[in-house]
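**Student:** Using only what follows, build the 3D model:
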Amino acid sequence: MRRYSLIALPLAFLLAIAAGLWQLSRNPEFQLFGTLITRVETSAPVIALTFDDGPTPAYTDAVLETLSAFDVRATFYVTGRETDAHMPQARAIVAAGHALGNHSYTHRRLVLVSPATVRDELSRTDAAIRAAGYTGRIDFRPPYGKRLLVLPWVLHQQNRTTVTWDIAPETGQYQTAQEIAQYVLDAAQSGSIVLMHLMYDDRETSRQALPLIITGLRERGFDFVTVPELTRHAQP
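**Tutor:** Numbers count the residues shown, from 1 in each chain. You can find the predicted model right below:
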């Protein structure tokens, strides 16, 4: 029994540490190194809509048409691989006045990887974003929101801001476009950052929710800005 306890207790301790680190890696509001933005403290009625992944030939144009119809500028956190593969769509995003952010090259989880791997994922995506014609600041959003030690450390070395979110309506709890939109409307506050995914076949409900979100927030008096613009509204 004593021998079992000598093995079981350290194992339980290690498992508890591993579970804690896993939860830490996915916490959108905490980061060990560098600058992290989940929302901006401001009294200005501004909100940033952000879209992860892509660009894709199937849906980028439709999303841009919706944003144009409502005169909204947003931030697209693109992957380098999809940007390289679909450069016309990436250039269309830039030409429409939206911001681009770095969402890694391959969209792999950048948790248990080397600094060299992180730097490669960042630099290749930066190059694709610049090739699309974007000249603004390039912030980073971690794939799946996951980061722990190495990724934040490299981002800090590069003086790069990590951007997560404070509103993520696509949890699976909200099944209809109306439910997704209502969640955003209920949660929105000045300086909020909304996370959505619109670029793939299984995101039709989110695409349907987008005009409802824009209309509803406008009725509440909010204006829409890119994430770089949002940070300029931060209160000192």
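**Student:** Only C-alpha atoms from now on, for both contacts and neighbour counts.
**Tutor:** Noted.
**Student:** which residues touch the nearest residue to Ile37 once chain neighbours are set aside?
**Tutor:** With sequence-adjacent residues excluded and distances taken as CA to CA, 6 or more residues apart in numbering, Ile37 is closest to Val163, at 4.9 Å. Val163 is in contact with Leu36, Ile37, Thr38, Asp139, Phe140, Arg141, counting by CA atoms under 8 Å, 6 or more residues apart in numbering.
**Student:** count of residues packed around the first one?
**Tutor:** Leu36 is surrounded by 21 other residues when neighbours are defined as other CA atoms under 10 Å.
**Student:** Equivalent analysis for the fourth one, please.
**Tutor:** Counted with other CA under 10 Å, residues neighbouring Asp139 total 20.
**Student:** State the distance from it to Thr75.
**Tutor:** From Asp139 over to Thr75 the distance is 10 Å, taken as CA to CA, to the nearest Å.
**Student:** who touches both of the two?
**Tutor:** With CA under 8 Å, 6+ apart, Asp139 and Thr75 have common neighbours Gly101.
**Student:** List the residues that contact the residue nearest to His107 when sequence neighbours are not counted.
**Tutor:** Nearest non-adjacent residue to His107, counting by CA to CA, 6+ apart: Pro143, 5.5 Å away. Pro143 makes contacts with His103, Ser104, His107, Arg108, Arg109, Leu110, as judged by CA under 8 Å, 6+ apart.
**Student:** Mark which of those are buried, thanks.
**Tutor:** His103, Ser104, His107, Leu110 (16 or more other CA atoms under 10 Å).
**Student:** out of all of them, which strand in this protein is the longest?
**Tutor:** Determined from DSSP state E, the single longest strand within the chain is strand 46-52.
**Student:** State the mean pLDDT of the helix or strand that that one is followed by.
**Tutor:** Using DSSP states H and E, the next helix or strand after strand 46-52 towards the C-terminus is helix 60-69. Per-residue pLDDT values over helix 60-69 give a mean of 98.
**Student:** Name the residues that touch helix 60-69?
**Tutor:** Gly54, Arg73, Ala74, Gln89, Ala92, Ile93, Ala96, Leu198, Met199, Arg207, Pro211.
**Student:** How is Glu229 assigned, secondary-structure-wise?
**Tutor:** helix (DSSP: H, G, I helix; E, B strand; the rest coil).
**Student:** nope, Val194 is what I was after
**Tutor:** Applying three-state DSSP: Val194 is strand.
**Student:** what's around it, how many residues?
**Tutor:** 21.
**Student:** residue closest to the middle of this structure?
**Tutor:** Centroid-nearest residue in the chain: Arg141, 4.6 Å away (criterion: CA atoms, centre = their mean).
**Student:** Isn't that one up against Arg160?
**Tutor:** No. Contact between Arg141 and Arg160 fails when scored by CA atoms under 8 Å: they sit 10.4 Å apart.
**Student:** Output the contacts of helix 60-69 in TSV; the columns should cover secondary structure.
**Tutor:** Below are the contacts of helix 60-69 laid out as TSV (three-state DSSP):
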residue	secondary structure
Gly54	coil
Arg73	coil
Ala74	coil
Gln89	helix
Ala92	helix
Ile93	helix
Ala96	coil
Leu198	coil
Met199	coil
Arg207	helix
Pro211	helix
